[in-house]
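S.K.: Sequence first, then the predicted structure:
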Amino acid sequence: MILEELEKLVRHETEWLRYYAHRDSRNSLTEESEIYEHLIPIGYTKRSVVLKRDHPLVNRCSPGMITSDKPIVNGLDVSELEQATFPYDPENNRYTPLEAYLILFPEKKLEVIKSIQKLNK
């Protein structure tokens with residue numbers, strides 16, 4: 001994978017988080033927040049009403065999973081990453097693109113948070 005591909009997946013994910021996460025939880029994100037643990041789904045969506053169940057944000061907002069033959073840690077080269085399908089399983093090195101991006105580039109977290117909060121401005 002190249003950085004541009006990962007960034008495209010991250011943009012998709014943050015756009016969907018802006019839409020599907022409750023405004024108050026988006027506004028209260030901080031650099032210390034674990035994004036998927038902190039954000040609260042808006043609850044009502046056409047799909048959840050039809051299926052009579054809610055989907056976790058990690059399943060609803062992520063365009064897929066990111067994995068690697070090596071553990072995804074800060075310092076891993078982006079070229080080591082590859083796209084994968086669900087399920088989400090961080091214990092087995094399967095992260096959302098946003099999570100993988102923030103592991104590799106923790107200094108970008110504030111920028112990502114501002115992007116998630118952007119709808120409110």
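M.R.: That came in fine, so what should we check first?

S.K.: measure stretch 39-59 end to end?
M.R.: Start-to-end span of stretch 39-59 (C-alpha to C-alpha, to the nearest Å) is 13 Å.

S.K.: Equivalent analysis for stretch 79-90, please.
M.R.: End-to-end span of stretch 79-90 (C-alpha to C-alpha): 19 Å.

S.K.: List the buried residues for that stretch?
M.R.: Neighbour counts over stretch 79-90 (16 or more other C-beta atoms under 10 Å) mark 81, 84, 88 as buried. No exception for glycine: its C-beta is placed from N, CA and C like everyone else's.

S.K.: What of stretch 6-18?
M.R.: Buried residues in stretch 6-18 (16+ other C-beta under 10 Å): 6, 9-10, 12-14, 16-18.

S.K.: max-length helix in this structure?
M.R.: Counting residues, the longest helix found in the chain (DSSP state H) is helix 3-20.

S.K.: which residues sit against it?
M.R.: 26, 35, 39, 41-42, 45, 57, 60-64, 66, 78, 81, 83, 96-98, 100-101, 112, 115-119 (C-beta atoms under 8 Å, 6 or more residues apart in numbering).

S.K.: cool, stretch 105-121 as well?
M.R.: Residues outside stretch 105-121 that contact it (C-beta under 8 Å, 6+ apart) are 10-11, 14, 17-19, 21, 23, 26-27, 29-31, 33, 35, 39, 74, 98, 101-102.

S.K.: Let me see the contact set for residue 83.
M.R.: 1, 9, 64-66.

S.K.: Lowest-scoring secondary structure element of the protein by mean pLDDT?
M.R.: helix 46-51 (a mean of 51; mean pLDDT, DSSP states H and E).

S.K.: any idea which residue sits dead centre in this protein?
M.R.: Nearest residue to the geometric centre of the chain (C-alpha atoms, centre = their mean): residue 98, 3.9 Å.
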